[in-house]
Structures are given as C-alpha cells and as structure tokens.
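**Q** I'd like to go over a predicted model; first the sequence, then the structure.
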Amino acid sequence: GNYYSLRRNHELAIEQFERALRLNPSYTSAWTLMGHEFVEMKNTPAAVQSYRRAVDVNPNDYRAWYGLGQTYELLNMPMYTLYYFKRAAFLRPRDARMWCAMGHCYEELRRERDALRCYTRAYQCDELEPNCIQRLAILHRKLGQNDEAAFFYKLELDRADSDGDMPSFDEADMLLFLARHAYETDQFGLAEQYCTRMLDLPPSV
C-alpha cells in the first residue's frame, strides 16, 4: 500500500490497505493510511469514514485525528476542523504542525488572539514549522504589538541571510516596518541600515 501510495497510484494503494484490514480489522495504521489515500482522491466521505474507524480502534492515534481535521478543512467546516486538530494537539503537544493547524483554523474564524497563542506554542516546539515565524510576526503586527512583531521579522531576516535564502515575507514591507520600528525606538543607526537595504532591493520588489 505504501509503495503504490508513493507511486501516486491511490486506487491500488487502497486495495492493498483493504486487504490488510481483511486480515486484521484492528490495524489502525491501515485505516489511517487509507484515509490519506481517499483525501488524495478528493473522496472526503470515505476519508472521514476511514479516519473514524482508526480512532474507534485507537483513540490515541493522533494521525487519524489530524487527518479528520484536514478533511473537514477541505469541507470548509472550521468548527469541526478545530475540534479534531485540538484532539491531535492534545495527543501530540510537542508537534508544531498540530499547533500551526489550530492557529490557521483560528485565523479562519477571525480569532487572532487564539491563533497567536497557538503559533506561540508551535514556536516553542522541538521542530519549527516553516510558516510559524511569519504568522507570529503578522499577527503581532495586526494586534499592534510592534516590539514582538519586530522580533519575529528580524528573526526571519536573520534566517534568510544565514541560509542565503529569500525571506518568506514581502521583503520591502518587512524592511519598511523594521525601519519604522527602529526609528520609533530611537535606534536611528539601525533604521538607516534597514532603509539602505530597502533601497538596494530590485525594482520589482
């Protein structure tokens, strides 16, 4: 089943998982993996059914709860989505993906402060999700918490510089914000550095 899944032959993958489940109907991983395949095929009712069977067999399978959250996200049902992501995060509290998923859901519900708390938890996890710093900067800025926003913008700028990469933000907007914040906090030399760097950006940026 995993082989065919990697080959993106989802129908054959499902057939193999169904064969495994005929041999062992309590094989939680097979139910969960089959749910993933149904999601790939955009068959959300079958995906929900598979994930529900997985959590019926093993209520501690965070992957199945997370899969249910993703499936209901596809169905644009944010309250259900949030419920299932919460269950996944409860079982996997050190996994940044769970908290970022909840944060995104809260943003969809326009509950920015709750979203911010989730992204903060994600930031404190062992492995950082790529968009976590971006969302923290944007939400702090949106809530008028400019010192915190500047901290995370600077963090992303330093990461991009050390990796020789492009920032995940609109670079001109980020540099303008950092320059204004530095000026307003009497860091005039730093403000000048950000303005100079902004002037060095290509015209398209």
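**A** On my side now, so go ahead.

**Q** quick check: A150 touching L175?
**A** No - here A150 lies out of contact with L175, judged by Cβ atoms under 8 Å, at a distance of 11.4 Å. The C-beta positions use only the backbone N, C-alpha and C, and glycine is treated the same way.

**Q** after the longest helix seen in the chain, next one along is what?
**A** As assigned by DSSP state H, the longest helix anywhere in the chain is helix 146-163. Next in sequence after helix 146-163, counting helices and strands by DSSP states H and E, comes helix 171-184.

**Q** how about that next one: buried residues?
**A** For helix 171-184, the neighbour count (16 or more other Cβ atoms under 10 Å) marks E171, M174, L175, F177, L178, A179, H181, A182 as buried.

**Q** with respect to N60, which of the residues you listed is nearest?
**A** Using Cβ to Cβ, M174 is the member of those that lies nearest N60, at 41.1 Å.

**Q** so who does the closest one touch?
**A** Listed by Cβ atoms under 8 Å, 6 or more residues apart in numbering, the contact set of M174 reads A137, Y153, E156, L157, P167.

**Q** which of the residues you listed tops the neighbour count?
**A** Most neighbours among the contacts of M174, by other Cβ atoms under 10 Å: Y153, with 27 neighbours.
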